[in-house]
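S.K.: Following is a predicted model, sequence given first.
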Amino acid sequence: MKTSTDLDVIVDILTAAFLEDDPVVRWLIPPGTPERERHLRGFLRAWVKFMLDHEGTAIVTSDHGGVIVWEPYERKTPIPPEDDEAFLADISASTGPAEKRCLQLIELLDTHYPDDLPPHGHVALAAVRPDRGMEVRTALTDELVRLSLSLDLGGYCEASSERNALLWERLGMKRRGEPIRLPESDVALIPMFIPPPGYQG
């Protein structure tokens with residue numbers, strides 16, 4: 001297990017994990033969209049790069065079978081408005097016909113992000129290649145728990161399916177608030193949170 005800034009490796013893992021079966025990605029870039037994989041890669045690259053450039057961290061398994069990308073709830077340095085604008089422009093330039101929904105997704109995540117949580121990390125992306133087993137998933141989640149304990153942080157995420165929500169619940173996360181509904185679909189993200197160790201609030 002190691003931290004990584006290798007965008008190609010991170011994007012390869014995320015694309016392999018999300019392209020076929022993830023309901024949010026199927027809404028984001030519907031199957032049959034020309035050059036679908038290229039547009040998904042463009043979106044993921046823009047998003048991961050933005051997070052890593054602004055105090056985010058990617059943790060990759062040694063065999064490149066899985067990855068977690070998380071960002072601090074409170075950055076040491078605020079993100080300049082021009083960086084936000086450049087991020088959205090990067091998405092627009094790299095996602096072709098999926099541009100509108102990719103921008104919608106980012107806006108939905110931002111507007112629904114709770115502002116009353118105790119110190120935590122935002123697990124923005126977590127993925128395991130479809131050809132890898134539970135061992136990789138367990139290694140990633142164990143590392144996430146270790147990181148949470150060492151930094152005295154809770155964890156927040158938006159599960160992309162009921163199946164993923166159940167996996168997060170096994171780690172102690174609980175559903176928080178209403179699902180985030182994606183426009184013109186029956187797909188929803190499920191907000192989930194676990195407080196910092198020993199938190200009494």
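M.R.: That came through, no problem.
S.K.: C-alpha from now on. contacts and neighbour counts both.
M.R.: OK.
S.K.: quick one: secondary structure of the nearest residue in space to T3 that is not next to it in sequence?
M.R.: Spatial nearest neighbour of T3, excluding adjacent residues (C-alpha to C-alpha, 6 or more residues apart in numbering): I59 at 4.4 Å. Classification of I59 using DSSP: H, G, I helix; E, B strand; the rest coil returns strand.
S.K.: Give me the mean pLDDT for stretch 102-112.
M.R.: Here stretch 102-112 scores 98 as its mean pLDDT.
S.K.: meant to ask about stretch 17-27
M.R.: 96.
S.K.: Contacts for that stretch, please.
M.R.: Here stretch 17-27 makes contact (C-alpha atoms under 8 Å, 6 or more residues apart in numbering) with 37, 40, 127-130, 160-161, 185, 187-189.
S.K.: ok so, going back, could you report the separation of the residue nearest to T3 from P130?
M.R.: 18 Å (C-alpha to C-alpha, to the nearest Å).
S.K.: One more: E158?
M.R.: The gap separating E158 from P130 is 20 Å, by C-alpha to C-alpha.
S.K.: Show me which of the two is the more surrounded one.
M.R.: Looking at E158 and P130 with other C-alpha atoms under 10 Å, you find the greater number of neighbours at E158, namely 24 against 14.
S.K.: residues touching that one, list them.
M.R.: Each residue near E158 by C-alpha under 8 Å, 6+ apart is listed here: 123-124, 189-192.
S.K.: same thing but at 10 Å, please
M.R.: By C-alpha atoms under 10 Å, 6 or more residues apart in numbering, the contact set of E158 is 109, 113, 122-125, 164-165, 168, 175-176, 179-180, 188-193.
S.K.: Just the ones of those residues in strands?
M.R.: 122-125, 175, 180, 188-193 (DSSP state E).
S.K.: quick one: which two of those are the most distant?
M.R.: H122 and A188 (18.0 Å; C-alpha to C-alpha).
S.K.: D53: what's it in contact with?
M.R.: Counting by C-alpha under 10 Å, 6+ apart, D53 has contacts 5, 47, 79, 83.
S.K.: now, which of those residues sits nearest L144?
M.R.: When the contacts of D53 are compared against L144 (criterion: C-alpha to C-alpha), the nearest one is T5, at 17.4 Å.
S.K.: and the lowest-mean-pLDDT helix or strand in the chain, what does it pack onto?
M.R.: Least confident element among the helices and strands of the chain, by mean pLDDT, DSSP states H and E: helix 134-151 (a mean of 85). When contacts are defined as 3 or more C-alpha pairs under 10 Å, 6 or more residues apart in numbering; DSSP states H and E, helix 134-151 sits against strand 57-60, strand 66-72, strand 120-128, strand 154-159, helix 162-170.
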